[in-house]
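Using only what follows, build the 3D model:
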Amino acid sequence: MAELEVNGGVVVYELIGPEDGEVLTVTPGGRFSKDYPGVRPFAEELAAHGKRVLIWDRPNTGASDIQLYGASESHMRAATLAGLVTGLGLGPVVALGGSGGARDSIVFAIEYPELVRKLVVWSIVGGAFSSMSLASVYVLDEIRTIRRSGIDGILDLVGRAGSWSDLVKANPRNEQRLRDLGAEEFERVMWRWFEAYVPKPNEAIPGVPDHLMRGIDVPTLIVRGGEEDIDHPKRTSFEVHALIKGSRLIEPPWPEDAWERAQEARDAGRGSIFDPWMKAVPTFLDFVAEPARPTGVFPSDPA
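Below you'll find the model as predicted:
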């Protein structure tokens, strides 16, 4: 298990594949670790085709240190990924992200364009329902609990996104990190992160103003959202495509109801919500292999 300190917290990561391979970063959604079912097999399949793939426990996932700062959790994670890429001498990279990892990767491309060669995103969260759903999963119970029971209550809190006590079990120093942070600062950060999930007319995805996405200037591949996927709406994928100039929107390489069926399989103990990602490997590799266009030149521009 490799570790690197980034922005005051230890981040656990792993590099898979040949040392001379082109570097791809893989970022899943939720508060799921690099070892959550479906993530590693996806990375290993990419690595089997000669890529060097970075998987990592984002802050507040897996065995990495708990961290709470930034305009949103995605902004914090983008800053962490930048620290990893820079600290390990990996950039510029191809950033791949699904669900919350799509948002993290988009923010990474906005904030650290010099570190990104290409961007691939899918299962993008956006719109009122999915944004408000995320608030209920990641911050609302935390705000209620910290106000009522302080850090002790947070350590006892079990929610749909997992528990803070799980992070302590995976990394015992996390308990002291929470206690050192204190209830007042914990609540202050939760309110700030909550604001990112409040739907706004100028934000296709939570916490990211549209005008910032218009500034993304790298080849970008976007997988269209599923027809009935209320967590990653079809509409949002079109909005992101419209905002990122020169981006390519493709039909999903998995069934339209892949997200719903993967949830059913997970709940029945027969698979992972990330299993469908494997179907996208050939498509993603083809996109990565395409010659990179010069900065500022888009497919519709004259040669």
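
make it CA atoms for all contacts and neighbour counts henceforth
Will do.

so where's the stretch 151-300 of the chain shaky on pLDDT?
Along the stretch 151-300 of the chain, the model assigns pLDDT under 70 to residues 159-161, 293-300.

For it, which segments are assigned as helices?
Per DSSP state H, counting those that start in this stretch, the stretch 151-300 of the chain carries helices over the ranges 164-170, 173-197, 210-213, 234-243, 258-267, 281-289.

For those helices, give me CSV that also has distance to residue 51 and mean neighbour count.
Shown next, in CSV, are these (distance: least, C-alpha to C-alpha, whole Å; neighbours: other C-alpha atoms under 10 Å):
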stretch, distance to residue 51, mean neighbour count
helix 164-170, 29, 18
helix 173-197, 33, 18
helix 210-213, 27, 17
helix 234-243, 26, 19
helix 258-267, 26, 17
helix 281-289, 9, 14
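
how about those in a markdown table, adding distance to residue 132?
What follows is the helices of the stretch 151-300 of the chain, written out as a markdown table (distance: least, C-alpha to C-alpha, whole Å):
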| stretch | distance to residue 132 |
| --- | --- |
| helix 164-170 | 21 |
| helix 173-197 | 6 |
| helix 210-213 | 18 |
| helix 234-243 | 14 |
| helix 258-267 | 19 |
| helix 281-289 | 30 |
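
of all the ones you listed, which lies closest to residue 106?
Within those, the stretch nearest residue 106 is helix 210-213; the backing value is 7.7 Å (C-alpha to C-alpha).

Which elements pack onto that closest one?
helix 100-111, helix 234-243 (3 or more C-alpha pairs under 8 Å, 6 or more residues apart in numbering; DSSP states H and E).

Am I right that residue 24 sits in a strand?
Yes - under DSSP: H, G, I helix; E, B strand; the rest coil, residue 24 falls within a strand.

Surely it is in contact with residue 54?
Yes - counting by C-alpha atoms under 8 Å, residue 24 touches residue 54, with 6.2 Å between them.

burial of residue 152, as a residue count?
By the criterion of other C-alpha atoms under 10 Å, residue 152 has 15 neighbours.

repeat for residue 8
Per other C-alpha under 10 Å, the neighbour tally for residue 8 reads 10.

So it versus residue 76, what's the distance?
12 Å (C-alpha to C-alpha, to the nearest Å).

thinking again about what came up before, of all the helices of the stretch 151-300 of the chain, which lies closest to residue 147?
helix 173-197 (7.5 Å).

In terms of secondary structure, what does the closest one contact?
Using 3+ C-alpha pairs under 8 Å, 6+ apart, helix 173-197 is in contact with helix 128-138, helix 140-156, helix 164-170.

With that, I have no additional questions.
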